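Colleague: Give the three-dimensional model of this entry:
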Amino acid sequence: MSRIGRMPITVPAGVEVVIGEGNVVTVKGPKGELTQTMHKDMILEQEGAEILVKRPDDQPEHRALHGLTRTLIANMIEGVEKGFSKTLLVNGVGYRVEKKGTDLVMNLGFSHQVIMPEIPGITIDVPNPNQIVISGPDKQKVGQFAAEVREKRLPEPYKGKGIKYSDEVIRRKVGKTGAKK
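Modeller: Residues are numbered from 1 along each chain as shown. Predicted coordinates:
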C-alpha cells in the first residue's frame, strides 16, 4: 500500500468538499473555490470530516495514481483554507520591479521593460523593489506563474544577477583570472 495514499485527508471547519459524478472534486473555502477531475479508476469516499482515497487493484498505474490523487485533494483543501505563496528575489544593479494596476513591471537590464499581467486566481504583491510575492489557492498555478516570472531573467552563477526563489541557493563560480606571463 502507498503510505501517502492510505492516509486519510482531514477536512477542516469552514471548508466544503463535494465529490461529484466522474470523480469531480470541488473544494470551497475562505480563499476561493477549486475544481479538479481525478482519475476515473480511483475510489473516493467521504466519511464525515475525512476523505479516503482507495485504489481498485495493485496495477502499477493505480499504485502511482493512489498517492498522487490523495496529494492533489489535500493540496486543494490546504489552498482554499490557507493559500500558497512563492517569494522571488531580484538581484542586480538597476534591476527592480513594481506593480502598476494588475501588471507586474520589471526592469531587468534589457532595453525595454518586461510586463507580465496578473492571471485569474493569482495575486502579485511587491513589498519592495527587489521582492515579488505570488500567492493564490491553486498550488500548481502559483508555482507555474513564479517559474514564468523567474524565466524572464534566470540567475547567473558569476555575479548572482537575476530573479531567484527566496529559498534558492545559487552556486557561485569564479571568473577568469588575470593574464598569465
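Colleague: Next, the closest residue in space to Pro157 that isn't next to it in sequence: phi, psi?
Modeller: Closest residue to Pro157 apart from its sequence neighbours, by C-beta to C-beta, 6 or more residues apart in numbering: Lys173 at 4.4 Å. No exception for glycine: its C-beta is placed from N, CA and C like everyone else's. With angles defined as degrees, to the nearest 10, Lys173 sits at phi -110, psi 150.
Colleague: wait, Lys173 sits on Pro155?
Modeller: No - contact criterion C-beta atoms under 8 Å: Lys173 and Pro155 do not qualify, at 11.9 Å.
Colleague: Which of those two has more residues huddled nearby?
Modeller: Legend: neighbour count by other C-beta atoms under 10 Å for Lys173 and Pro155, higher for Pro155 (18 against 9).
Colleague: picking up where we left off before, so how far is Asn75 from the residue nearest to Pro157?
Modeller: To Asn75, Lys173 is 36 Å away according to C-beta to C-beta, to the nearest Å.
Colleague: I figured Pro30 hits Lys82, correct?
Modeller: No - here Pro30 does not reach Lys82: they are 9.1 Å apart, not a contact under C-beta under 8 Å.
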